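Participant: just coords:
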């Protein structure tokens, strides 16, 4: 094993040790996922990872304490408006439950939601948390999340889409069905079968309204078109959460959090170059993806750090393994 391979092995040992500890405590990895593989950016790769993840999150888990979940929500970086809306929703559900316990009239709980915003702004993260919150409050029996996009619902022949969509719904019962880029179900026109998926979904939302929550997500303008494309959608989705882009300061905080979660520290001299790279990428790179772009930048930085250390002559200390320098950040930015 050469010097670079040894460094990468040491990096992985540190990271996997931290991941293992968190998995033991929570069943989730360092980024809140129930599976060790981060969802890749490429759509064709995402399908397989999402399928595996969907199977894992269906596992039975006991309800969590709602105060712990609220604390976790407040610990997320940014998302102040989203946090306020989720807090209000939790309070409303608790009051409705109290009214029912006192035999008072109570409105029906309509918990289906529309998440709008750019990629990488936390929509999937909050959808997963909402599933856990709903289970904690007794709204859902299992509290798992099933994530799909158009390809997971729409088939290529007449009649098959309804069957395919119903199979997904059956997996999601007791939890949250999260449909990413949901507007793709209705914006194809012509003889497309997306409307068949929508019709099947609307019926299921009525049939299983006591133990199924549907969250649809996508770009804000396209999601508005999607909801207004069908009176049934308009009547069932009346909760809208907008996920704004992270600020540069918030993205730096996300980068620091990623560093700390896997045993790295960011040298203070690297902060300014990091800010400049994030500003440039946010302005110039279509689909930079906010937190997703930060993740990619971080992964490149630790790869360049390994390369830098491998080319040096001095003995490598634990502190050297943990430190990301300005050189590492600049190299990652040039490769972005």
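Facilitator: Everything's here; your move. On a predicted model such as this, the values are computed, not experimentally measured, just so you know.
Participant: how about the helices in the protein?
Facilitator: 3-26, 43-57, 66-75, 80-101, 123-136, 160-172, 194-207, 220-228, 231-236, 248-261, 271-284, 291-310, 318-322, 326-335 (DSSP state H).
Participant: Go through these and pick out the most buried.
Facilitator: helix 123-136 (a mean of 23; mean count of other C-beta atoms under 10 Å). No exception for glycine: its C-beta is placed from N, CA and C like everyone else's.
Participant: Quick one: mean pLDDT for it?
Facilitator: In this model, helix 123-136 has a mean pLDDT of 96.
Participant: Helix 80-101 and that one, what's the angle between them?
Facilitator: Helix 123-136 runs at 20 degrees relative to helix 80-101, counting by axes from the mean of the first three to the mean of the last three C-alpha atoms, to 10 degrees.
Participant: By mean pLDDT, show me the worst of the helices of the chain.
Facilitator: helix 43-57 (a mean of 50).
Participant: Quick check: the closest residue to residue 87 other than its chain neighbours vs residue 250, distance?
Facilitator: Closest residue to residue 87 apart from its sequence neighbours, by C-beta to C-beta, 6 or more residues apart in numbering: residue 70 at 7.0 Å. In this view, residue 70 and residue 250 are 20 Å apart by C-beta to C-beta, to the nearest Å.
Participant: Same question for residue 269.
Facilitator: 21 Å.
Participant: ok, now which ones touch residue 85?
Facilitator: 239, 241 (C-beta atoms under 8 Å, 6 or more residues apart in numbering).
Participant: again, 10 Å this time
Facilitator: Neighbouring residues of residue 85 by C-beta atoms under 10 Å, 6 or more residues apart in numbering: 79, 113, 126, 239, 240, 241, 242.
Participant: what's the closest non-adjacent residue to the first one?
Facilitator: Distance criterion C-beta to C-beta, 6+ apart; nearest residue to residue 79, sequence neighbours excluded, is residue 122 at 5.7 Å.
Participant: and this structure, what are its domains?
Facilitator: 3-15+247-335, 34-243 (automatic domain parsing).
Participant: Give me the neighbour count for residue 77.
Facilitator: The tally of other residues near residue 77 (other C-beta atoms under 10 Å) stands at 16.
Participant: right, and it touches residue 121 too?
Facilitator: No: distance between residue 77 and residue 121: 11.2 Å, which falls outside the contact criterion (C-beta atoms under 10 Å).
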